[in-house]
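S.K.: here you go, sequence then predicted model.
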Amino acid sequence: MIQFKALLLKEYRETFRDKRALMVALGFAFFAPIMIMGMAKIMIEKLVDEPPVYVKFTGAEFAPKLMLHLADNNLLNFVDVPEDEKTTWEKRNIAIEIPADYAKNMAEGKPIKLHLQADFTDKAVKPPVRRINSAIREFSLSIGYKRLLLRGVDVRLLNPVKLVEQDTAEPNATFILISMMLGIYLMLAAFMSGLSVAIDSSAGERERNVLEMLLCQPVSTLKIVLAKLIGASTIAFIGVVLVLVLTSLSVGFVDLTKIGATFSLDMSTAIFLMLLLLPICFLASACQLFVAFQTKSFKEAQSTVGMLIGIPAFIPFVVSMMDDRPEWLDWLPISGQSLIIESVFKGVDVNWLAVFATSGVTIAITAALVLALAKKLKSEKVVMALS
Amino acid sequence: MIEVNNLHKSFIDKKDKKNTVKALDGLSFTAKDGEITGILGPNGAGKTTCLRTLYGLLAADEGHVIIDGINVAEDPLAARAKLGIFPDKFGLYERLTAYEQIDYFASIHGMSGASKKQAIAQVLKDLDMEDLAHRKTVGFSQGQRMKVTLAQSLVHQPQNFVLDEPTRGLDVMSTRVLRNHLAKFKAKGHCILFSSHVMQEVAALCDRVIIVANGKLAAQGTPQELCDLAGEEHLEDAFVKLIGSDEGVAA
């Protein structure tokens, strides 16, 4: 116990004194709220119904009824643009020209040509143009229908086939995307945060010639591995906790009610997620140590272990895309946890059997990795790689 | 006391069986308590392999090492507890202070509480490094690093002390500190095993010299005996002669 305490104390001392590596490790967690806030903002902007569009009209005075119809659809005259949006719409530069003979041609039933000018390749211009298009078509059709009606023609003849659209998306469903991102981010945080610490305490120590000294001491390799594992996974866990805390703080700044979504990360949910991800932190660090100890150099360790990070990002994506999820996914590490996180965010009841199963499997794999690594550190191959 | 008995060790290349290196080929010697025993040998003679077998890092194909009656292969942890090791590359934990490093190794050897504190204070005093103790070791000079390594390997007062080329890269002052310390340690009845390339040092310091070549014992004796055996005046000439000719193996 004296030995283990000393080993662990030394790991913590080294980790927390390496300020730069620590900042890099935990910096990842700081990006989470920024990303989630940004995503939410963009989504809200897209989802809020028909933000005002400002169009530069020429000849607006010739068609007051058309202007009224457009205004009903929140397509407004550039003259009325608020000061803070002026430059945006100046840049988008959407212009409609209404001819002076509009009223005359309308009265005579002659076709009228309105000219719409805009840069159609500009992404930001497309949705306003689409809305102008449909608004004017609607206006034009309503006049056309009235003309036909006056002549005794049933306007329904014009629409033999009609498509009825029903949007089944619940207002909440769009926001699930953001919660899914948070789930993946949490998984990544578990793998990313402890990464530099794991590499430094394994391949780094070998490169600094202190590992050989340690292996010569009367201490079992299992204790060495466990101390390093706890050291690295502590940082990983701090990363996860930071993501959760910062996200729940920052979500308060985004008005999600605008899109009818609610996202609350209350205390009990956050604690549940932390407990759920704790075994993942250990697994991540164990994988990283296992790989890093077997590489030939610090650099090789960095690149090889870097590839490990792809796994946690990849698995939840694949799982969320799958339509028919086989049951064993509930049991595996990473996929199991990501499914549970998904149901937590969806507000579905958590399958407790799956929680215990996936945690159990994760811990078992971690233990196997630790034991294998402890055995490997006694092997001649590792010793020969020291010099 | 360290007894090395008929050690054999080959490194087999799994892909190419012909590429097998025989690092140790029946090496035997004894390092007695109260003596400084020097291991001399050209590069690649098997010194490092021998020492690593002695630490229990490598398993010998044949033969065994016994440290104070404990067979290293059978109980490496107990054997290591009897050893103080000064490795050839003394790396330090650069984010720890010298005191913390020494404390770390003392704890690994199972020391705790007041006795640990006292042992650390003693070793710091012996090596005259109290002013260094609470500085982080990053940026330490080679001599200061040597002191830290020496302190951390001696803090638990091991009966047996193994040094792998300890004077490499040290200036005269640091070498003297080390030499004085070894002499004091020897006087207390400890067993010291010392591998080196520097002839003067071996000649000045060692009671007995073991010359290793090609994984075998080439010759052993006091520096004077070796010179007499080879018929040379200086140990360096004797060394070259002894490893170069088969006649030397007779001893």
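M.R.: Everything's here; your move. Residues are numbered from 1 along each chain as shown, chains lettered A, B, ... in the order given.

S.K.: and stretch A:328-340, what's buried?
M.R.: A:Leu329, A:Asp330, A:Leu332, A:Pro333, A:Ile334, A:Ser335, A:Gly336, A:Gln337, A:Ser338, A:Leu339, A:Ile340 (16 or more other C-beta atoms under 10 Å in any protein chain shown). Bear in mind the C-beta positions are built from the backbone N, C-alpha and C, glycine included.

S.K.: again, but for stretch B:120-138
M.R.: Buried residues in stretch B:120-138, counted by 16+ other C-beta under 10 Å: B:Ile120, B:Val123, B:Leu124, B:Asp126, B:Leu127, B:Met129, B:Leu132, B:Ala133, B:Lys136, B:Thr137.

S.K.: out of the buried residues of stretch A:328-340, which comes closest to A:Pro99?
M.R.: Using C-beta to C-beta, the shortest approach to A:Pro99 within the buried residues of stretch A:328-340 belongs to A:Ser338, at 59.5 Å.

S.K.: quick one: which helix or strand includes B:Val65?
M.R.: With the criterion set as DSSP states H and E, the secondary-structure element containing B:Val65 is strand B:62-67.

S.K.: now the longest helix along chain A, how far from the centre of its chain.
M.R.: Using DSSP state H to assign secondary structure, the helix with the most residues in chain A is helix A:221-251. For helix A:221-251, the separation from the chain centroid amounts to 21 Å (computed by C-alpha atoms, centre = their mean, to the nearest Å).

S.K.: which neighbouring elements make contact with the helix or strand immediately after that helix in the chain?
M.R.: Counting by DSSP H and E, the next helix or strand C-terminal to helix A:221-251 is helix A:267-294. Using 3 or more C-beta pairs under 8 Å, 6 or more residues apart in numbering or on different chains; DSSP states H and E as the contact test, the elements touching helix A:267-294 are helix A:173-193, helix A:195-199, helix A:221-251, helix A:298-308, helix A:335-346, helix A:352-376.

S.K.: now do the buried residues in helix A:267-294.
M.R.: For helix A:267-294, the buried set under the neighbour-count rule, 16+ other C-beta under 10 Å, comprises A:272-274, A:276-294.

S.K.: among the buried residues of stretch B:120-138, which are located in strands?
M.R.: When these are checked against strands (DSSP state E), there are no matches.

S.K.: need the max-distance pair from these.
M.R.: Every pair of those checked by C-beta to C-beta; the farthest is B:Asp126 and B:Lys136, at 21.9 Å.

S.K.: OK, contacts around A:Leu329?
M.R.: Shown here is A:Leu329, whose contacts under the criterion C-beta atoms under 8 Å, 6 or more residues apart in numbering or on different chains are A:Val319, A:Met322, A:Ser335, A:Gly336, A:Leu339.

S.K.: closest to A:Val355 among these?
M.R.: Among the contacts of A:Leu329, and counting by C-beta to C-beta, the member closest to A:Val355 is A:Gly336, at 8.2 Å.

S.K.: shaky segments in the chain?
M.R.: In the absence of a named chain, this looks at chain A. Along chain A, the model assigns pLDDT under 70 to residues A:46-49, A:165-178, A:254-264, A:386-387.

S.K.: my bad, the chain I had in mind was chain B
M.R.: Where chain B drops to pLDDT under 70, the residues are B:17, B:245-251.

S.K.: hang on, the earlier thing: tell me if the longest helix of chain A is near chain B.
M.R.: No. If you take C-beta under 8 Å from any C-beta of the partner chain as the test, helix A:221-251 misses chain B, and the best it gets is 9.2 Å.

S.K.: and that helix, what does it pack against?
M.R.: The elements that helix A:221-251 packs onto, with contact taken as 3+ C-beta pairs under 8 Å, 6+ apart, are helix A:2-17, helix A:19-47, helix A:173-193, helix A:195-199, helix A:211-215, helix A:267-294, helix A:352-376.
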